[in-house]
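[1] how would this look folded up:
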Amino acid sequence: MDKKKNSNIHCTVKQCEHNMETEDYCTLDAVRIGTHESNPTVPECTDCNSFVKRSNCCG
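    The predicted model follows:
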């Protein structure tokens, strides 16, 4: 299956199945963003809930 970059979603997480690999973009049409905090106040409190670990990556 050919992955097509979504130029609206920049992503540098090469370990994610949805990362373009050849460019720093996501291949999903949309992503779901969440948090692991009850009161998020900084970017580190947020998560990409669309993340799926690439099966052939990163032991």
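[2] Quick one: low-confidence residue ranges for this structure.
    1, 58-59 (pLDDT under 70).
[3] If we use 50, what do you get?
    Along the chain, no part satisfies pLDDT under 50.
[4] Hmm, P40 and T46 touching each other?
    Yes - counting by CB atoms under 8 Å, T46 touches P40, with 6.0 Å between them. For every residue, glycine as well, the C-beta is placed using N, CA and C.
[5] In space, what's closest to the residue nearest to the spatial centre of the chain - neighbours in sequence excluded?
    Against the mean C-alpha coordinate of the chain, by CA atoms, centre = their mean, the closest residue is F51 at 5.0 Å. Spatial nearest neighbour of F51, excluding adjacent residues (CB to CB, 6 or more residues apart in numbering): C16 at 5.2 Å.
[6] Tell me the bridge partners for that neighbour.
    Under the criterion DSSP bridges, C16 forms beta bridges with K53.
[7] Phi, psi for the nearest residue to D29 once chain neighbours are set aside please.
    Closest residue in space to D29, ignoring its immediate chain neighbours: N6 at 6.5 Å, by CB to CB, 6+ apart. Taking degrees, to the nearest 10, you get phi -100, psi 100 for the backbone angles of N6.
[8] what about the residue lying closest to V13 once chain neighbours are set aside, how many neighbours?
    Spatially, and ignoring its direct neighbours in sequence, V13 is nearest to N19 (5.7 Å; CB to CB, 6+ apart). Residues lying near N19 (other CB atoms under 10 Å) number 23.
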